[in-house]
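**Student:** the following comprises the amino acid sequence and a computationally predicted model.
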Amino acid sequence: MGPRLPMIDGHGHYTVAEAEVLPPAAVLAKLDAAGVRRIVVSGAPPELAQRLYRAAPGRVIPLLGVYGRGRDKADWMRDASLPQQVAAALAGGPWAGIGELHLFARDADKTVFADLVRLAAAHDLVLMLHGDAEVVQRALELAPSVRVLWAHLGTEPRPELLAAMLDRYADRLWIDTSVRDERIAPDGRLLPEWRALFLRHPDRFLVAVDTFSLNRWQHYEAMVDQIRAWVASLPPEVQAKLLHDNAARLFEGFLRR
């Protein structure tokens, strides 16, 4: 086996439960063991992402999460005070983006969501969304300059749907592959329809683990190896893009600071 290609993990979380067991040094050791150069991290509460960033500013790309202190993924869009709180928190950065925001089509017209989309655009921040295609479309229509990172290959991970979205929003939409490895590459073999999609839009996908639980942090290296296994079936230049270059380009402004 040759040297591992550089990798940026495009979707991570660091919560109180993880921080109690894995201090920043332990998280960095996990990245080292897996050969991961950088990780995109949302904290709950948000300051945990900053704690990781301060420990290794060259390796952590912090997103401003909105969960914690009694607010969660089911009700944040109904908290009218949230946009003002997020605006204040942005001043205490640095931040590379806002999210992950969980939202589904029935709530896509919520004012709080619209305000956060516009905040992301105004501050030139990436907006990470966990939601239906209608939610992503709404965000991209609300703010013509906003850049969206759509988590988990969407809520309906179908190549034809993702291709249509990328054809329509080619310059403002990126998509991460987190938690979909078994679906797109059962037994480690990338399905033909997914291979075709990655070859059609090689600049738009980011590989990712999604450390949504302590268990996933504890098995981090194995999950990264699973990702590398299916990526290895793609042409070398596409491998480099999915593993590293697309994320580096998406977050280029933050990484240059």
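**Tutor:** Sure, I can see it.

**Student:** rest of the way, CA atoms for contacts and neighbours
**Tutor:** Will do.

**Student:** how many neighbours does residue 135 have?
**Tutor:** By other CA atoms under 10 Å, 22 other residues sit near residue 135.

**Student:** please disregard the earlier target; I meant residue 255.
**Tutor:** Here the number of neighbours of residue 255 (other CA under 10 Å) works out to 15.

**Student:** cool, and residue 158?
**Tutor:** Going by other CA under 10 Å, the residues that sit close to residue 158 add up to 14.

**Student:** try residue 99
**Tutor:** By other CA under 10 Å, 24 other residues sit near residue 99.

**Student:** now stretch 183-193, how far from the centre of its chain.
**Tutor:** 21 Å (CA atoms, centre = their mean, to the nearest Å).

**Student:** residues making contact with that stretch?
**Tutor:** With contact meaning CA atoms under 8 Å, 6 or more residues apart in numbering, stretch 183-193 is reached by 159, 181-182, 194, 226, 229-231, 233.

**Student:** if we use 6 Å, what do you get?
**Tutor:** Identification of contacts with stretch 183-193 by CA atoms under 6 Å, 6 or more residues apart in numbering yields residue 230.

**Student:** so which bits of it are buried?
**Tutor:** Across stretch 183-193, burial judged by 16 or more other CA atoms under 10 Å covers 184-185, 188-190.

**Student:** from the residues you listed, which land in helices?
**Tutor:** residue 184 (DSSP state H).

**Student:** of the buried residues of stretch 183-193, closest to residue 16?
**Tutor:** Nearest to residue 16 among the buried residues of stretch 183-193: residue 184, at 31.3 Å, using CA to CA.

**Student:** ok, the closest one to residue 111 distance?
**Tutor:** Counting by CA to CA, to the nearest Å, the separation of residue 184 from residue 111 is 35 Å.

**Student:** and for residue 53?
**Tutor:** In terms of CA to CA, residue 53 sits 31 Å off from residue 111.

**Student:** which one's more surrounded, these two?
**Tutor:** residue 53 (21 against 15).

**Student:** ranges for the helices of this structure?
**Tutor:** Using DSSP H, helices in the chain cover 16-21, 24-34, 47-55, 82-90, 111-122, 133-142, 159-168, 181-184, 192-200, 214-218, 220-231, 236-240, 246-250, 252-255.

**Student:** tell me the angle the fifth one makes with helix 133-142.
**Tutor:** The one in question is helix 111-122. Counting by axes from the mean of the first three to the mean of the last three CA atoms, to 10 degrees, helix 111-122 lies at 50 degrees to helix 133-142.

**Student:** cool, the third one as well?
**Tutor:** The directions of helix 47-55 and helix 133-142 differ by 70 degrees, with the same axes, to 10 degrees as the criterion.

**Student:** how far off centre is helix 47-55?
**Tutor:** Taking the mean of its C-alpha atoms, helix 47-55 sits 17 Å from the chain's own mean (CA atoms, centre = their mean).

**Student:** just the CA atoms of that helix, as PDB, please.
**Tutor:** This file holds the C-alpha atoms of helix 47-55, laid out as PDB (Å, rounded to 0.1, in the frame of the first residue of the first chain):
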ATOM      1  CA  GLU A  47     -17.600  27.400  21.400                       C
ATOM      2  CA  LEU A  48     -16.400  23.800  21.400                       C
ATOM      3  CA  ALA A  49     -15.500  24.200  17.700                       C
ATOM      4  CA  GLN A  50     -13.500  27.200  18.600                       C
ATOM      5  CA  ARG A  51     -11.700  25.200  21.300                       C
ATOM      6  CA  LEU A  52     -10.600  22.700  18.700                       C
ATOM      7  CA  TYR A  53      -9.600  25.500  16.300                       C
ATOM      8  CA  ARG A  54      -7.500  27.200  18.900                       C
ATOM      9  CA  ALA A  55      -5.700  23.900  19.600                       C
END
